[in-house]
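Colleague: Below: sequence and its predicted model.
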Amino acid sequence: MNAGTWLPFSRPMAEIKQQAFVDLISEHQGILHKVSKMYCDDDELRRDLFQEMLLQLWKAFPRYEGRSKISTWMYRIALNTAISSFRKQKKKEQEEELGEVALAIPFEVEDREQEEKKAFLYRAIQQLSEIEKGIVMLHLEDHSYEEIAEIIGITRNHVGVKLNRIKAKLAKMVVPYFDES
C-alpha cells in the first residue's frame with residue numbers, strides 16, 4: 001500500500017465527525033436561514049446569529065441521539081439560540097418600540113403589491129414575542145402541532161391556544177392595512 005492510498009477507516013474520528021456535521025448543515029441550512037431572518041432585520045446581525053446557531057449546533061452535535069428528526073433537533077437549538085441572543089441583545093440596547101403610527105406607514109418594494117404585503121406581515125411578526133415568532137414560523141412551514149410542540153417544548157394543546165392568540169394579535173395589526181389595499 002503506497003502513502004497516497006486513502007482508506008475510509010484510516011480517517012481520524014474527528015475528521016469523520018466534522019464531515020458529518022458539514023453534510024448535515026449543508027442539507028438543512030435553510031432552517032438556520034429562516035430562523036435568523038425571523039429574528040434579525042439587519043444583515044450583519046443575521047450573519048452573527050447564523051454563526052452563533054452553527055456554534056451551538058456543533059457543540060450539541062455529539063449529543064444528538066436520533067430520538068427526534070434531525071430538523072426538529074436543529075429547530076430546537078436554532079430557536080433557543082435565537083431567543084437567548086435576542087434577550088442578550090435587548091439587555092444591551094434600549095430600543096424604542098414602534099408605535100401605531102409606524103404600522104400605518106406602508107413599506108414600498110418596487111410597486112409589487114404582494115412583496116409589500118409580505119414585508120408588512122413580516123414586520124408585524126417581528127413584533128411578536130420570541131416564542132410566538134418561532135411558533136408562527138413553524139406553522140407557516142406546515143409543521144404539525146405535534147412537531148411544533150416538540151420543537152418549542154410545550155404541549156400540542158398549548159400550541160393550538162397560542163396559535164389562536166397569535167392569529168388574533170396579528171389580525172389586529174395587519175387587517176387595517178390589508179383592508180385599505
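Modeller: Thanks, I have the structure now.
Colleague: buried ones in the longest helix along the chain?
Modeller: In the chain, assigned by DSSP state H, the helix with the most residues is helix 13-39. Buried residues in helix 13-39, counting neighbours by 16 or more other CB atoms under 10 Å, are found at 21, 24-25, 28, 31-32, 34-36, 38-39. Just so you know, the C-beta spots here come from the backbone N, C-alpha and C atoms, and that holds for glycine as well.
Colleague: ok, then the element right after that helix?
Modeller: Sequence-wise, the next helix or strand downstream of helix 13-39 (DSSP states H and E) is helix 43-60.
Colleague: For that next one, what does the pLDDT average out to?
Modeller: Averaged over helix 43-60, pLDDT sits at 90.
Colleague: Next: stretch 82-90.
Modeller: Rounded mean pLDDT across stretch 82-90 is 73.
Colleague: With adjacent residues omitted, what lies nearest to the residue nearest in space to the middle of the chain?
Modeller: By CA atoms, centre = their mean, the chain has its centre lying nearest to residue 35, at 1.6 Å. Spatial nearest neighbour of residue 35, excluding adjacent residues (CB to CB, 6 or more residues apart in numbering): residue 78 at 4.3 Å.
Colleague: Next, give phi and psi for residue 129.
Modeller: phi -70, psi 170 (degrees, to the nearest 10).
Colleague: what ranges of this protein fall below the confidence cut-off?
Modeller: Counting by pLDDT under 70, the chain has low-confidence residues at 1-11, 13, 86-112, 176-181.
Colleague: And the helices in it?
Modeller: 13-39, 43-60, 70-92, 100-104, 113-126, 130-140, 145-152, 156-180.
Colleague: May I have the fifth one exported as PDB, CA atoms only?
Modeller: The one in question is helix 113-126. Taking Å, rounded to 0.1, in the frame of the first residue of the first chain, the C-alpha atoms of helix 113-126 are listed here in PDB:
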ATOM      1  CA  GLU A 113     -48.100  44.600  -4.000                       C
ATOM      2  CA  GLN A 114     -47.500  41.000  -2.900                       C
ATOM      3  CA  GLU A 115     -44.000  41.800  -1.800                       C
ATOM      4  CA  GLU A 116     -45.200  44.800   0.100                       C
ATOM      5  CA  LYS A 117     -47.900  42.900   1.900                       C
ATOM      6  CA  LYS A 118     -45.400  40.100   2.700                       C
ATOM      7  CA  ALA A 119     -42.900  42.600   4.100                       C
ATOM      8  CA  PHE A 120     -45.600  44.200   6.200                       C
ATOM      9  CA  LEU A 121     -46.600  40.800   7.600                       C
ATOM     10  CA  TYR A 122     -43.000  40.000   8.400                       C
ATOM     11  CA  ARG A 123     -42.700  43.400  10.300                       C
ATOM     12  CA  ALA A 124     -45.900  42.500  12.200                       C
ATOM     13  CA  ILE A 125     -44.400  39.100  13.000                       C
ATOM     14  CA  GLN A 126     -41.200  40.800  14.200                       C
END
